[in-house]
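1. give me coordinates for this.
(chains A and B)
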Amino acid sequence: MRLIPDLIKKITDNEIWKSVFRHGYTDTPRNRVLQIISNVWLHLHPAKVREHGTKVRFTWCMGGITFFIFLFETITGILLMFYYTPDVNRAYADIVDLMYVVPFGRLLRNTHRWGAHAMVITVSIHMLRVFLTGSYKPPRQFNWVLGVVLLVFTFLLSFTGYLLPWDQLGYWAITVGTNMARATPLLGHEGPFAYILGMRADNDVRFALLGGTMIDAPALLRAYVWHCIGIPVVASALMMVHFWRVRKDGGISGPL
Amino acid sequence: MEVREEMKGSIEIKDDKVFTWPTLVAKEFLAAIFVTVGLLFYSYAVDAPLRELSNPGQAENPAKAPWYFLGLQEALVYFDPWYAGVILPTFIVIGLILIPYLDNNPKGNGYYTFKERKFAMTVFLSGYVFWYILIYIGTALRGPFWAFFWPWEKWTHDFPTPPPLHDLPLPLGIALLLGFYFFGLVIPAIVKKDFFMRLGFIRYVLTMGLLLSMIGTVIKMFFRLALNVKYIIATPWINI
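-> Purely as a prediction, here's the structure:
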C-alpha cells in the first residue's frame, strides 16, 4: 500500500529533482513564500499582497488579462508567421490558405484576430478601473503615464495588423487611417501651414509611414515589421517597466 | 499567519496581507483559462472577417477604420481632418498623460469613491462614455457615404440630400472662439475661487484649457447638427 508514497519519494528525493525544484510542496508559510520568490515567472509578484488586491471586485483582473492576451497574441502570432508572407502577391492567398488548408489555421487566425479586439477592450477597461480607484495619484503618477503610452501601443499593434490580410477591409481601413496623417499641421501635405515646410505627397509624414504615396508593397512590409517586431519589442520593454513600477511604487493601490 | 490568542488585542497595525500563492496566483490562473476558453469558443463560432482581395481602384463604401478609431472618423463629420484625425487624438493622449499631474485632490487614492472626487470623475467618465458613443455611431449607424441610418433602417444609397451648410462670418467666429476660451477660463476662476486656488495658476489653465477643448468639440458638433454650421472659423489657411 506504500507504493505511491514510495514512488513519490523515489522521484523527488534525488539530485536531479532537487536541482530543478528548490523546495518541497508541503503547505507551509515558508513554502508559499518560496513558491513565489524562487520562481522567475511568479516573482513578478510580491510574496504577500494586501487582501483587497486579490479581489476581482477591486481589480476587475483587467490589467492581468490584458497582459495574458498579449502573451496569447505573441504565441498565435508566431505560429501565424510560419504561414504568412508579407508580399502583396502572396499575403491574401496565405490568409485564404490559413482559412481553408492549414490544419487549425482558421482557429489560429480567428483567435489571433478576436484576441486583438479583446485586448483593446480589456486595456481600456483596465484604464477605467485605475481611474475609478484613483490609482494614478501619488506615488503612481508615472506608471499612469506609462499605461497611457501602452494604450496607444495597443491601438497601434492592432492597427498595423489590420492591413496584413491585404483584403478590401484592411486596405481601406488603413487608407482612411493613414489619410489622416496627410492632414497633420505642418507635416502633412494637405494639413494647415504645410507649405511652410514645403510638404508634398512624396515627402510628408504619410509618405514616411507608408513608404510611398499610396498603400502598396512597402506599406505592407512596414506594417508587418512594425506589427511583428517593432511595436512588440517596444511595448514589451514598456510593460516590464510598467509592472516593475507597480512593485516599486508600493504594490497594488489601496486605501491607506 | 497564526497569531496567538492573547496577542490579538495588542496588535495595532492592521496586517491584511495574504499569501500571493495561492490566493492571487490561483485567480490569475483561472482568469487565463477563462479567457483562453472564451477566445477559443468565440473563434470556433465566429470567423474573423476577410473580404475580397484588396483593390486600390475600388473603394469600399463606407470605408471604415478599425472600430476603436471610428470615434475619430465620426468626428470627421464635424471637423477637418487636421483636427479630427491629428489634433483631437493628440489632445486626448496628452490630456490622459497629464491627469495625475493636474488632479491634485489627495482624496480617493486607492478606493472607489464618487463623492470625494466629483469633478475628476464627471469629466473622465463623460469623456470615456462620449468616446464610446461616437464609436457606436461610427460603427453601427453610418452607412454608404457615411450617411446616418438608425439601427432599424436599411442601408441604402438612396438617402435624402443633407441640408446645405454655411460658415459663420469670420469676425463672429473668432469672437465666439476667443470669448469661449476667455470666459471659460475666467468665470470658473471667479465663481469657484477655492477650486482655482487649490489647483494654482498653471494647473488651472491646463485643466480648464483641456476641458474647454473637450466641451468645445461637443459644442461644435451641436452647431453642425442643429444650426448647419460647417465652420466656426473659415480662412484660406485653416478651418475650425
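2. list the contacts for the residue of chain B found nearest chain A?
-> At 2.8 Å from chain A, B:Gly85 is the closest residue in chain B, using C-beta to the nearest C-beta. For glycine as for every other residue, the C-beta is placed from the backbone atoms N, C-alpha and C. The contact partners of B:Gly85, taken as C-beta atoms under 8 Å, 6 or more residues apart in numbering or on different chains, are A:179-181, A:183, B:72, B:76.
3. so where do the helices sit in the stretch 1-150 of chain A?
-> In the stretch 1-150 of chain A, the helices defined using DSSP state H, counting those that start in this stretch lie at A:3-12, A:15-20, A:29-37, A:56-59, A:62-81, A:91-100, A:105-132, A:141-163.
4. before we move on, what about chain B?
-> Listed in chain order, the helices of chain B (DSSP state H) span B:20-45, B:70-75, B:81, B:88-102, B:118-140, B:170-191, B:193-199, B:201-227.
5. in the last one, what's buried?
-> Neighbour-count burial for helix B:201-227, counted by 16 or more other C-beta atoms under 10 Å in any protein chain shown, picks out B:203-204, B:206-208, B:210-214, B:216-217, B:220-221, B:223-224.
6. point out where the chain drops to low pLDDT.
-> Unless you meant another one, I'm taking chain A. Applying pLDDT under 70 to chain A flags residues A:1.
7. meant chain B actually
-> Counting by pLDDT under 70, chain B shows low-confidence ranges at B:1-14.
8. and with 90 instead?
-> Scanning chain B for pLDDT under 90 picks out B:1-16, B:21, B:156-164, B:166, B:234-238, B:240.
9. burial measure for residue 129, as a count.
-> No chain was given, so I picked chain A. A:Arg129 has 16 neighbours, counted by other C-beta atoms under 10 Å in any protein chain shown.
10. that was the other one, I meant chain B.
-> The local packing of B:Val129 (other C-beta under 10 Å) involves 10 other residues.
11. and B:Leu40, by the same measure?
-> Applying other C-beta under 10 Å, we find 14 residues neighbouring B:Leu40.
12. need the contact list for the closest residue to B:Trp21 other than its chain neighbours.
-> Distances taken as C-beta to C-beta, 6 or more residues apart in numbering or on different chains place A:Gln35 nearest to B:Trp21, at 4.2 Å, with adjacent residues excluded. Applying C-beta under 8 Å, 6+ apart to A:Gln35 gives the contacts A:23, A:42, B:21.
13. now those: which count as buried?
-> A:42, B:21.
14. just the contacts of A:Gln35 now: which is nearest B:Gly179?
-> A:Leu42 (58.8 Å; C-beta to C-beta).
15. quick one: the closest one from A:Arg32, how far?
-> 11 Å (C-beta to C-beta, to the nearest Å).
16. can you list residues touching both of the two?
-> Common neighbours of A:Leu42 and A:Arg32 (C-beta under 8 Å, 6+ apart) are B:20-21.
17. excluding chain neighbours, what is closest to the spatially most central residue of chain A?
-> Taking C-alpha atoms, centre = their mean, the centroid of chain A lies closest to A:Phe70, which sits 3.4 Å from it. Counting by C-beta to C-beta, 6+ apart, A:Met119 is the residue found nearest to A:Phe70 once chain neighbours are left out, at 6.5 Å.
18. state the number of residues packed around the one you found.
-> 21.
19. check A:Pro29 too.
-> Neighbours around A:Pro29, by other C-beta under 10 Å: 12.
20. same question, A:Ala219
-> A count of neighbours around A:Ala219, defined by other C-beta under 10 Å, yields 20.
21. run through the residues that contact B:Arg142.
-> B:62, B:64, B:74, B:148-149.
22. who's it bridged to?
-> B:Phe148 (DSSP bridges).
23. OK, now which residue of chain A is nearest to chain B?
-> When scored by C-beta to the nearest C-beta, chain A has A:Met180 as its residue closest to chain B, at 2.8 Å.
24. pretty sure that residue sits against B:Val86.
-> Yes. Taking contacts as C-beta atoms under 8 Å, A:Met180 lies within contact range of B:Val86: 6.1 Å.
25. residues contacting the residue nearest to the centre of chain A?
-> A:119, A:235, A:239.
26. please report how far it lies from B:Trp67.
-> In terms of C-beta to C-beta, A:Phe70 sits 19 Å off from B:Trp67.
27. repeat that for B:Tyr111.
-> Computed with C-beta to C-beta, the distance linking B:Tyr111 and B:Trp67 is 33 Å.
28. before we move on, what about A:Arg113?
-> To B:Trp67, A:Arg113 is 12 Å away according to C-beta to C-beta.
29. looking at these two, which has the bigger crowd around it?
-> Between A:Arg113 and B:Trp67, counting by other C-beta under 10 Å, A:Arg113 is the more crowded of the two (24 against 18).
30. find the nearest non-adjacent residue to that one, please.
-> Among residues not flanking A:Arg113 along the chain, B:Ala48 sits closest, at 3.6 Å (C-beta to C-beta, 6+ apart).
31. before we move on, what about B:Ala59?
-> Per C-beta to C-beta, 6+ apart, closest to B:Ala59 is A:Trp172, 6.2 Å.
32. tell me who's in contact with A:Val102.
-> For A:Val102, the contacting residues are A:83, A:108, by C-beta under 8 Å, 6+ apart.
33. phi first, then psi, for it.
-> According to degrees, to the nearest 10, the main-chain angles of A:Val102 amount to phi -60, psi 130.
34. these two touch, right, B:Asp47 and A:Asn110?
-> Yes. Between B:Asp47 and A:Asn110 there is a contact under C-beta under 8 Å: 6.1 Å.
35. looking at those two, which is more packed in?
-> Neighbours per residue, other C-beta under 10 Å: of B:Asp47 and A:Asn110, the larger number sits with A:Asn110, 22 against 14.
36. from what I can see that one touches B:Pro49, true?
-> No. Checked against C-beta under 8 Å, the pair A:Asn110 and B:Pro49 is beyond contact range at 10.1 Å.
37. alright, I will stop here.
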